[in-house]
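> Next comes the sequence, and after it the predicted model I'd like to discuss.
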Amino acid sequence: MSKKGRVLVAMSGGIDSSLAAVLLHEQGYEVIGMTMKTWDYETSGGTSKETGCCSLDSINDARTIAVNLGFPHYILDIRSEFGDYVIDYFTDEYLAGRTPNPCVLCNTHIKWDALLRRADKLGCQYIATGHYAQVREQNGRYVIYKGIDDKKDQSYALWGISQSSLSRTLFPLGQFHKSEIREMALERDFHELVQKSESYEICFVPDNDYRGFLKRRINGLEERVEGGNFVLENGTVVGQHQGYPFYTVGQRKGLGIALGYPVYVTEIRKDTNEVILGTDQELSRNGMWVNQLSFLKYKTLEGEELQTVTKVRYKDRGTPAKITQIGDRIKVLFDQPVASIAPGQAAVFYQGNDVIAGGWIESSFNL
(Lines give C-alpha, C1' and ligand atoms only; values in the text may rest on other atoms or scores of the structure.)
Protein backbone atom coordinates (compact mmCIF):
# COMPACT_ATOMS: atom_id res chain seq x y z
CA MET A 1 0.00 0.00 0.00
CA SER A 2 1.12 3.56 -0.71
CA LYS A 3 2.59 5.59 2.14
CA LYS A 4 -0.15 8.17 1.50
CA GLY A 5 -2.81 5.48 1.90
CA ARG A 6 -5.57 3.99 -0.20
CA VAL A 7 -8.46 6.19 -1.35
CA LEU A 8 -11.77 5.34 -2.98
CA VAL A 9 -12.67 8.06 -5.49
CA ALA A 10 -16.24 8.67 -6.66
CA MET A 11 -15.92 8.98 -10.45
CA SER A 12 -18.91 10.16 -12.47
CA GLY A 13 -17.04 10.26 -15.77
CA GLY A 14 -16.93 14.07 -15.83
CA ILE A 15 -13.90 16.31 -15.75
CA ASP A 16 -14.01 17.18 -12.04
CA SER A 17 -14.20 13.69 -10.54
CA SER A 18 -11.76 12.37 -13.16
CA LEU A 19 -9.17 15.01 -12.31
CA ALA A 20 -9.73 14.36 -8.60
CA ALA A 21 -8.68 10.75 -9.20
CA VAL A 22 -5.78 11.78 -11.44
CA LEU A 23 -4.39 14.29 -8.93
CA LEU A 24 -4.57 11.86 -6.02
CA HIS A 25 -2.89 9.20 -8.15
CA GLU A 26 -0.09 11.63 -9.02
CA GLN A 27 0.27 12.64 -5.37
CA GLY A 28 1.07 9.05 -4.48
CA TYR A 29 -2.22 7.72 -3.13
CA GLU A 30 -3.29 4.21 -4.05
CA VAL A 31 -6.46 5.07 -5.96
CA ILE A 32 -9.52 2.90 -6.53
CA GLY A 33 -12.21 4.40 -8.75
CA MET A 34 -15.91 3.79 -8.22
CA THR A 35 -18.84 4.94 -10.33
CA MET A 36 -22.22 4.88 -8.60
CA LYS A 37 -25.31 4.12 -10.66
CA THR A 38 -28.04 5.92 -8.77
CA TRP A 39 -30.93 5.87 -11.23
CA ASP A 40 -32.08 5.04 -14.74
CA TYR A 41 -35.00 6.05 -16.92
CA GLU A 42 -36.85 2.91 -15.97
CA THR A 43 -36.82 4.22 -12.40
CA SER A 44 -37.72 7.81 -13.23
CA GLY A 45 -40.24 7.06 -15.93
CA GLY A 46 -38.49 9.12 -18.59
CA THR A 47 -38.39 8.33 -22.26
CA SER A 48 -35.44 10.38 -23.53
CA LYS A 49 -31.96 9.10 -24.28
CA GLU A 50 -30.06 8.32 -21.11
CA THR A 51 -27.49 11.00 -20.34
CA GLY A 52 -25.53 12.33 -17.40
CA CYS A 53 -23.54 10.74 -14.62
CA CYS A 54 -25.32 7.38 -14.73
CA SER A 55 -25.22 6.75 -18.47
CA LEU A 56 -23.19 3.98 -20.04
CA ASP A 57 -20.99 6.57 -21.76
CA SER A 58 -20.13 8.23 -18.45
CA ILE A 59 -19.35 4.90 -16.80
CA ASN A 60 -17.08 3.98 -19.72
CA ASP A 61 -15.34 7.38 -19.54
CA ALA A 62 -14.56 6.84 -15.86
CA ARG A 63 -13.30 3.33 -16.50
CA THR A 64 -11.08 4.52 -19.36
CA ILE A 65 -9.32 7.01 -17.05
CA ALA A 66 -8.72 4.26 -14.49
CA VAL A 67 -7.40 1.78 -17.07
CA ASN A 68 -5.08 4.35 -18.61
CA LEU A 69 -3.60 5.23 -15.24
CA GLY A 70 -3.47 1.65 -14.02
CA PHE A 71 -5.81 1.66 -11.03
CA PRO A 72 -8.93 -0.46 -10.41
CA HIS A 73 -12.43 0.75 -11.21
CA TYR A 74 -15.75 -0.63 -9.99
CA ILE A 75 -19.41 0.10 -10.66
CA LEU A 76 -21.66 0.36 -7.64
CA ASP A 77 -25.39 -0.11 -8.20
CA ILE A 78 -27.28 1.87 -5.55
CA ARG A 79 -30.49 2.41 -7.53
CA SER A 80 -32.59 0.70 -4.92
CA GLU A 81 -31.38 2.68 -1.90
CA PHE A 82 -31.27 5.91 -3.92
CA GLY A 83 -34.82 5.49 -5.21
CA ASP A 84 -36.31 4.48 -1.90
CA TYR A 85 -34.77 7.43 -0.10
CA VAL A 86 -34.08 10.32 -2.47
CA ILE A 87 -36.85 9.99 -5.05
CA ASP A 88 -39.49 9.24 -2.42
CA TYR A 89 -38.30 12.29 -0.48
CA PHE A 90 -38.46 14.40 -3.65
CA THR A 91 -42.09 13.51 -4.35
CA ASP A 92 -43.16 13.67 -0.70
CA GLU A 93 -41.73 17.18 -0.28
CA TYR A 94 -43.64 18.56 -3.26
CA LEU A 95 -46.82 16.93 -1.97
CA ALA A 96 -46.16 18.63 1.37
CA GLY A 97 -45.98 22.03 -0.35
CA ARG A 98 -42.22 22.37 0.03
CA THR A 99 -39.37 22.68 -2.47
CA PRO A 100 -36.94 19.77 -2.06
CA ASN A 101 -33.17 19.76 -2.49
CA PRO A 102 -32.40 16.15 -3.44
CA CYS A 103 -28.70 16.73 -4.19
CA VAL A 104 -27.95 17.74 -0.60
CA LEU A 105 -29.91 14.79 0.73
CA CYS A 106 -28.16 12.39 -1.65
CA ASN A 107 -24.72 13.63 -0.60
CA THR A 108 -25.39 13.29 3.10
CA HIS A 109 -27.46 10.12 3.28
CA ILE A 110 -26.65 8.05 0.21
CA LYS A 111 -23.36 8.75 -1.54
CA TRP A 112 -21.12 9.23 1.47
CA ASP A 113 -22.57 6.27 3.35
CA ALA A 114 -22.37 4.06 0.27
CA LEU A 115 -18.79 5.10 -0.46
CA LEU A 116 -17.62 4.58 3.11
CA ARG A 117 -19.16 1.12 3.34
CA ARG A 118 -17.35 0.06 0.17
CA ALA A 119 -14.17 1.83 1.28
CA ASP A 120 -14.13 -0.33 4.40
CA LYS A 121 -14.54 -3.50 2.33
CA LEU A 122 -11.70 -2.44 0.02
CA GLY A 123 -9.35 -1.40 2.81
CA CYS A 124 -9.44 2.32 1.94
CA GLN A 125 -8.66 4.84 4.65
CA TYR A 126 -10.16 7.69 2.63
CA ILE A 127 -12.86 8.58 0.15
CA ALA A 128 -12.65 11.47 -2.30
CA THR A 129 -14.96 13.40 -4.63
CA GLY A 130 -14.60 16.14 -7.23
CA HIS A 131 -16.43 18.77 -5.20
CA TYR A 132 -15.00 22.28 -5.08
CA ALA A 133 -14.75 22.55 -1.31
CA GLN A 134 -12.16 22.06 1.42
CA VAL A 135 -12.04 20.37 4.83
CA ARG A 136 -9.71 20.80 7.79
CA GLU A 137 -9.48 19.68 11.41
CA GLN A 138 -9.78 22.42 14.02
CA ASN A 139 -10.23 22.04 17.77
CA GLY A 140 -11.26 18.42 17.35
CA ARG A 141 -13.88 19.27 14.73
CA TYR A 142 -13.82 18.72 10.97
CA VAL A 143 -14.76 21.96 9.27
CA ILE A 144 -15.93 22.33 5.67
CA TYR A 145 -14.88 25.61 4.11
CA LYS A 146 -15.24 27.17 0.71
CA GLY A 147 -13.21 26.17 -2.31
CA ILE A 148 -11.02 29.00 -3.59
CA ASP A 149 -13.04 29.26 -6.82
CA ASP A 150 -15.98 31.31 -5.59
CA LYS A 151 -17.97 30.65 -8.78
CA LYS A 152 -17.66 26.87 -8.35
CA ASP A 153 -17.71 26.56 -4.56
CA GLN A 154 -19.93 23.62 -3.51
CA SER A 155 -19.67 23.83 0.27
CA TYR A 156 -23.40 24.69 0.40
CA ALA A 157 -24.29 21.14 -0.67
CA LEU A 158 -22.09 19.40 1.90
CA TRP A 159 -23.27 20.71 5.28
CA GLY A 160 -25.01 17.46 6.23
CA ILE A 161 -21.93 15.22 6.11
CA SER A 162 -21.17 13.77 9.54
CA GLN A 163 -17.98 14.44 11.47
CA SER A 164 -16.92 10.80 11.22
CA SER A 165 -17.40 10.87 7.44
CA LEU A 166 -15.52 14.15 7.07
CA SER A 167 -12.56 12.70 8.97
CA ARG A 168 -12.03 10.36 6.03
CA THR A 169 -12.93 12.71 3.15
CA LEU A 170 -10.58 14.36 0.66
CA PHE A 171 -11.52 17.22 -1.69
CA PRO A 172 -8.53 17.50 -4.02
CA LEU A 173 -10.11 20.20 -6.22
CA GLY A 174 -10.89 22.68 -3.44
CA GLN A 175 -7.59 24.52 -3.82
CA PHE A 176 -7.97 25.04 -7.57
CA HIS A 177 -10.04 27.18 -9.91
CA LYS A 178 -12.09 25.42 -12.57
CA SER A 179 -9.92 27.03 -15.25
CA GLU A 180 -6.86 25.36 -13.71
CA ILE A 181 -8.59 21.98 -13.74
CA ARG A 182 -9.36 22.41 -17.44
CA GLU A 183 -5.72 23.30 -18.12
CA MET A 184 -4.54 20.23 -16.19
CA ALA A 185 -6.87 18.02 -18.20
CA LEU A 186 -5.53 19.43 -21.48
CA GLU A 187 -1.94 19.00 -20.33
CA ARG A 188 -2.71 15.31 -19.77
CA ASP A 189 -4.41 14.97 -23.16
CA PHE A 190 -7.89 14.49 -21.68
CA HIS A 191 -9.41 16.61 -24.45
CA GLU A 192 -12.74 14.77 -24.46
CA LEU A 193 -13.25 15.54 -20.77
CA VAL A 194 -12.79 19.25 -21.39
CA GLN A 195 -15.29 19.18 -24.26
CA LYS A 196 -18.01 17.40 -22.25
CA SER A 197 -20.87 19.65 -21.26
CA GLU A 198 -21.70 19.92 -17.59
CA SER A 199 -25.18 19.07 -16.38
CA TYR A 200 -26.89 21.19 -13.73
CA GLU A 201 -30.13 19.22 -13.77
CA ILE A 202 -31.42 16.88 -11.10
CA CYS A 203 -30.00 13.53 -12.17
CA PHE A 204 -33.32 11.67 -12.15
CA VAL A 205 -35.18 14.54 -13.89
CA PRO A 206 -32.77 15.01 -16.81
CA ASP A 207 -35.29 16.83 -19.00
CA ASN A 208 -35.86 19.36 -16.18
CA ASP A 209 -39.60 18.61 -16.34
CA TYR A 210 -40.26 17.91 -12.68
CA ARG A 211 -44.01 18.32 -13.20
CA GLY A 212 -43.99 15.48 -15.71
CA PHE A 213 -41.85 13.42 -13.34
CA LEU A 214 -44.33 13.92 -10.48
CA LYS A 215 -47.27 12.98 -12.71
CA ARG A 216 -45.55 9.79 -13.81
CA ARG A 217 -44.41 8.99 -10.29
CA ILE A 218 -47.66 9.60 -8.41
CA ASN A 219 -50.78 7.93 -9.78
CA GLY A 220 -53.81 10.20 -9.74
CA LEU A 221 -51.77 13.25 -8.72
CA GLU A 222 -53.77 15.71 -10.80
CA GLU A 223 -57.06 14.45 -9.40
CA ARG A 224 -55.72 14.79 -5.85
CA VAL A 225 -54.61 18.42 -6.17
CA GLU A 226 -56.66 19.96 -9.00
CA GLY A 227 -59.09 22.85 -8.60
CA GLY A 228 -57.06 25.11 -6.34
CA ASN A 229 -57.00 28.89 -6.35
CA PHE A 230 -54.36 31.47 -7.06
CA VAL A 231 -54.83 33.96 -4.23
CA LEU A 232 -53.28 37.38 -3.66
CA GLU A 233 -51.75 38.30 -0.32
CA ASN A 234 -54.94 40.24 0.53
CA GLY A 235 -57.11 37.16 -0.05
CA THR A 236 -58.42 38.00 -3.52
CA VAL A 237 -58.86 34.96 -5.79
CA VAL A 238 -57.37 35.73 -9.21
CA GLY A 239 -57.44 32.39 -11.00
CA GLN A 240 -57.09 28.62 -10.93
CA HIS A 241 -53.79 26.76 -10.71
CA GLN A 242 -52.88 23.27 -11.93
CA GLY A 243 -52.09 21.81 -8.51
CA TYR A 244 -49.94 23.21 -5.70
CA PRO A 245 -47.07 20.64 -6.09
CA PHE A 246 -46.35 22.14 -9.50
CA TYR A 247 -45.21 25.50 -8.07
CA THR A 248 -42.30 26.75 -5.99
CA VAL A 249 -41.80 29.87 -3.89
CA GLY A 250 -40.22 32.59 -6.03
CA GLN A 251 -41.65 31.28 -9.30
CA ARG A 252 -42.75 33.91 -11.81
CA LYS A 253 -42.84 32.18 -15.19
CA GLY A 254 -45.46 29.63 -16.17
CA LEU A 255 -48.19 30.91 -13.85
CA GLY A 256 -50.65 31.74 -16.63
CA ILE A 257 -51.79 34.82 -14.74
CA ALA A 258 -51.90 38.36 -16.23
CA LEU A 259 -52.52 41.09 -13.66
CA GLY A 260 -50.77 43.97 -15.39
CA TYR A 261 -47.75 43.76 -13.09
CA PRO A 262 -45.25 40.99 -12.21
CA VAL A 263 -46.33 38.52 -9.54
CA TYR A 264 -44.47 35.67 -7.88
CA VAL A 265 -45.39 32.64 -5.82
CA THR A 266 -44.91 33.81 -2.23
CA GLU A 267 -46.41 30.86 -0.35
CA ILE A 268 -47.89 27.40 -0.95
CA ARG A 269 -50.76 26.32 1.30
CA LYS A 270 -51.10 22.57 0.96
CA ASP A 271 -54.07 22.17 3.33
CA THR A 272 -56.29 24.52 1.29
CA ASN A 273 -54.65 23.79 -2.10
CA GLU A 274 -53.90 27.49 -2.54
CA VAL A 275 -50.95 29.12 -4.25
CA ILE A 276 -50.37 32.64 -2.90
CA LEU A 277 -49.13 35.33 -5.29
CA GLY A 278 -47.51 38.66 -4.51
CA THR A 279 -45.20 41.40 -5.71
CA ASP A 280 -41.44 41.23 -5.44
CA GLN A 281 -41.67 43.18 -2.18
CA GLU A 282 -44.22 40.73 -0.79
CA LEU A 283 -41.90 37.87 -1.77
CA SER A 284 -39.20 39.08 0.62
CA ARG A 285 -38.86 38.05 4.28
CA ASN A 286 -36.54 39.22 7.04
CA GLY A 287 -36.54 36.03 9.09
CA MET A 288 -36.86 32.26 8.97
CA TRP A 289 -36.79 29.09 11.06
CA VAL A 290 -34.40 26.26 10.21
CA ASN A 291 -34.66 22.71 11.55
CA GLN A 292 -32.98 19.27 11.23
CA LEU A 293 -29.66 20.90 12.04
CA SER A 294 -26.15 19.62 11.34
CA PHE A 295 -23.25 21.32 13.15
CA LEU A 296 -19.74 21.48 11.72
CA LYS A 297 -17.46 24.15 13.19
CA TYR A 298 -19.10 24.01 16.63
CA LYS A 299 -20.87 21.20 18.50
CA THR A 300 -23.80 23.46 19.31
CA LEU A 301 -24.83 27.10 19.06
CA GLU A 302 -27.08 27.12 22.12
CA GLY A 303 -26.75 30.20 24.28
CA GLU A 304 -25.06 32.23 21.53
CA GLU A 305 -26.17 34.81 19.02
CA LEU A 306 -23.82 34.71 16.06
CA GLN A 307 -23.36 37.06 13.15
CA THR A 308 -23.17 35.00 9.96
CA VAL A 309 -23.59 35.10 6.22
CA THR A 310 -26.56 32.85 5.46
CA LYS A 311 -27.31 31.22 2.11
CA VAL A 312 -30.85 30.04 1.29
CA ARG A 313 -30.06 28.39 -2.07
CA TYR A 314 -27.01 27.11 -3.94
CA LYS A 315 -26.48 30.17 -6.18
CA ASP A 316 -27.28 32.62 -3.37
CA ARG A 317 -24.32 34.87 -2.54
CA GLY A 318 -25.51 34.99 1.04
CA THR A 319 -26.94 37.68 3.30
CA PRO A 320 -25.61 38.91 6.69
CA ALA A 321 -27.84 37.55 9.45
CA LYS A 322 -27.93 36.98 13.19
CA ILE A 323 -28.71 33.39 14.16
CA THR A 324 -29.81 31.96 17.49
CA GLN A 325 -30.32 28.29 18.32
CA ILE A 326 -33.55 27.71 20.22
CA GLY A 327 -33.94 24.05 21.10
CA ASP A 328 -33.53 21.98 17.96
CA ARG A 329 -34.14 24.92 15.59
CA ILE A 330 -32.27 28.04 14.52
CA LYS A 331 -33.97 31.42 14.31
CA VAL A 332 -32.51 33.61 11.57
CA LEU A 333 -32.88 37.40 11.43
CA PHE A 334 -31.51 38.89 8.22
CA ASP A 335 -29.91 42.31 8.13
CA GLN A 336 -31.98 43.03 5.02
CA PRO A 337 -34.99 41.26 3.47
CA VAL A 338 -34.31 38.16 1.38
CA ALA A 339 -36.48 37.06 -1.54
CA SER A 340 -37.70 33.55 -2.39
CA ILE A 341 -37.08 31.76 0.91
CA ALA A 342 -38.53 28.36 0.05
CA PRO A 343 -39.44 25.87 2.81
CA GLY A 344 -37.69 22.58 2.06
CA GLN A 345 -34.51 24.19 0.73
CA ALA A 346 -31.24 24.12 2.66
CA ALA A 347 -29.99 27.04 4.74
CA VAL A 348 -26.24 27.16 5.34
CA PHE A 349 -24.48 29.46 7.82
CA TYR A 350 -20.97 30.80 7.24
CA GLN A 351 -18.36 32.59 9.31
CA GLY A 352 -15.98 33.87 6.69
CA ASN A 353 -15.30 30.84 4.49
CA ASP A 354 -16.20 28.31 7.20
CA VAL A 355 -19.48 26.42 7.29
CA ILE A 356 -20.79 26.70 10.85
CA ALA A 357 -23.92 24.62 10.38
CA GLY A 358 -26.78 23.89 8.04
CA GLY A 359 -30.35 22.70 8.09
CA TRP A 360 -33.66 22.68 6.25
CA ILE A 361 -35.81 25.80 5.95
CA GLU A 362 -39.02 25.21 7.91
CA SER A 363 -40.75 28.58 7.40
CA SER A 364 -40.11 32.27 6.81
CA PHE A 365 -41.62 35.36 8.43
CA ASN A 366 -41.58 39.14 8.67
CA LEU A 367 -41.20 40.87 11.99
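Sure, I can see it.

> Contacts for the longest helix that the chain contains next, please.
As assigned by DSSP state H, the longest helix anywhere in the chain is helix 56-69. By C-beta atoms under 8 Å, 6 or more residues apart in numbering, the list of residues contacting helix 56-69 from outside reads 11-14, 17-18, 21-22, 25, 31, 33, 35, 37, 50-52, 72-73, 75, 190, 192-193, 196. The way it works is simple: take the backbone N, C-alpha and C, and place the C-beta from them, glycine included.

> Drop anything exposed from those.
11-14, 17-18, 21-22, 25, 31, 33, 35, 37, 51-52, 73, 190, 193 (16 or more other C-beta atoms under 10 Å).

> Show me the strands in the stretch 151-300 of the chain, by range?
169-170, 229-232, 237-240, 264-269, 274-278, 284-295 (DSSP state E, counting those that start in this stretch).

> can I get those in a markdown table with distance to residue 161 and mean neighbour count?
Below are the strands of the stretch 151-300 of the chain laid out as a markdown table (distance: least, C-beta to C-beta, whole Å; neighbours: other C-beta atoms under 10 Å):
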| stretch | distance to residue 161 | mean neighbour count |
| --- | --- | --- |
| strand 169-170 | 7 | 22 |
| strand 229-232 | 39 | 18 |
| strand 237-240 | 43 | 13 |
| strand 264-269 | 29 | 21 |
| strand 274-278 | 34 | 22 |
| strand 284-295 | 8 | 19 |
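
> would a markdown table of those strands with distance to residue 137 and mean pLDDT be doable?
Shown next, in a markdown table, are the strands of the stretch 151-300 of the chain (distance: least, C-beta to C-beta, whole Å; pLDDT from 0 to 100):
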| stretch | distance to residue 137 | mean pLDDT |
| --- | --- | --- |
| strand 169-170 | 11 | 98 |
| strand 229-232 | 51 | 97 |
| strand 237-240 | 55 | 96 |
| strand 264-269 | 41 | 96 |
| strand 274-278 | 46 | 97 |
| strand 284-295 | 15 | 97 |
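
> Need the ones you listed in CSV (columns: distance to residue 320).
Formatted as CSV, the strands of the stretch 151-300 of the chain follow (distance: least, C-beta to C-beta, whole Å):
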stretch, distance to residue 320
strand 169-170, 29
strand 229-232, 31
strand 237-240, 35
strand 264-269, 23
strand 274-278, 24
strand 284-295, 12
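
> which residues does the residue nearest to residue 310 when sequence neighbours are not counted contact?
Setting aside the residues directly before and after it, residue 310 is nearest to residue 321 in space (C-beta to C-beta, 6 or more residues apart in numbering), at 4.3 Å. With contacts defined as C-beta under 8 Å, 6+ apart, residue 321 is in contact with 307, 308, 309, 310, 332, 333, 334, 335, 349.
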